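A.B. asks: kindly generate the corresponding structure for this input.
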Amino acid sequence: MRLRLPPRRRERDGQVRSNVGVCQAAVGGDPQNRVWVLIREAVGVDSIAGGERLAQSVAGSSKPLRVLIELDPQYHRTGVDPTETGGMATKLRELGLEVIGVFTHGGHVYRGRDAILGASADEIGAIAAAAESMRAAGIVPQILSAGSTPTALSSATEPVNEVRPGTYLINDRIQVHMGSCPVDGVAIAVAATVVSDAVPDKFVINAGAKSLTKDLPPYLNGYGFVPGYPDGVLERVSDYHGEVRLPVGAVAPRIGTSWQSSRTTSVR
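C.D. replies: Below is the predicted model of the structure:
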């Protein structure tokens, strides 16, 4: 299993490219998107219309744009039916694009721990069906990529030959809950200062939805973890304020106290 990050190289047409896959359905068609496409090694696509715009963006380039077809692994957000991959790959090649494989993201894994094995199986199944469809069309896929941090280990099996665990780089409270990392495996936190203790059994920090999050899955309690107050619950956030509820009778920190507050998503 590999994480693709080969060194940068310069092409003959003078454009500097990096071997970085952009795992998102991309569209081109204007000068800004043309630059955006040219500086990347491969981009995702999940429609013929998107492929047409990408082809337009790189018209005149000395090398065809490499693309990965995005698959829907029962997440129903983006991506094509894996069994239709061969037909789409054929049409994309007719547009002048180089189809190098497929990718998928089992985002439904975030329903909770019990969803990990099922989402992993969905990723693997989608990739296997897509690979078969491409080969039936006479196209051999080079990259068969699965991707999510919770499914990274369980989806790392044939025919998958690449995994893309994104959040693992820094982790967050969701990943701790999902078992993807220990508590001390979260790499980033948000610095905050106590700005009010006017309401009993509560204190307010100057970090809110803009720096923390408003995403709150049902299996987490509060919008962040406050070091030094493990029994405190960051129960409500507005744009620039976070309200931490304390157990009755607990002593609130003094105004001006600062520390790092752990985030629910993306960072600690």
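
A.B. asks: so where's the stretch 1-150 of the chain uncertain?
C.D. replies: 1-40 (pLDDT under 70).

A.B. asks: the helices in it, which residues?
C.D. replies: 31-38, 48-57, 85-94, 116-136 (DSSP state H, counting those that start in this stretch).

A.B. asks: what's the angle from the second one to helix 85-94?
C.D. replies: Taking axes from the mean of the first three to the mean of the last three CA atoms, to 10 degrees, helix 48-57 and helix 85-94 form an angle of 20 degrees between their directions.

A.B. asks: how about helix 48-57: buried residues?
C.D. replies: Residues 50-57 are the ones in helix 48-57 that count as buried (16 or more other CB atoms under 10 Å). Just so you know, the C-beta spots here come from the backbone N, C-alpha and C atoms, and that holds for glycine as well.

A.B. asks: kindly check the end-to-end length of stretch 155-166 for me.
C.D. replies: Length of stretch 155-166, first residue to last, CA to CA, to the nearest Å: 14 Å.

A.B. asks: quick one: mean pLDDT over it.
C.D. replies: Throughout stretch 155-166, pLDDT has a mean value of 94.

A.B. asks: tell me the one among the buried residues of helix 48-57 nearest to residue 118.
C.D. replies: If you rank the buried residues of helix 48-57 by distance to residue 118 using CB to CB, residue 50 comes first, at 28.8 Å.

A.B. asks: quick one: that closest one from residue 79, how far?
C.D. replies: To residue 79, residue 50 is 12 Å away according to CB to CB, to the nearest Å.

A.B. asks: just give me the residue right at the centre of this structure.
C.D. replies: Against the mean C-alpha coordinate of the chain, by CA atoms, centre = their mean, the closest residue is residue 166 at 5.1 Å.

A.B. asks: that residue touches residue 149, doesn't it?
C.D. replies: Yes - in this structure, residue 166 is within contact of residue 149 by CB atoms under 8 Å, at 6.4 Å.

A.B. asks: just to revisit the earlier point, dump the residue contacts of the residue nearest to the centre of the chain.
C.D. replies: Neighbour list for residue 166: 147-149 [criterion: CB atoms under 8 Å, 6 or more residues apart in numbering].
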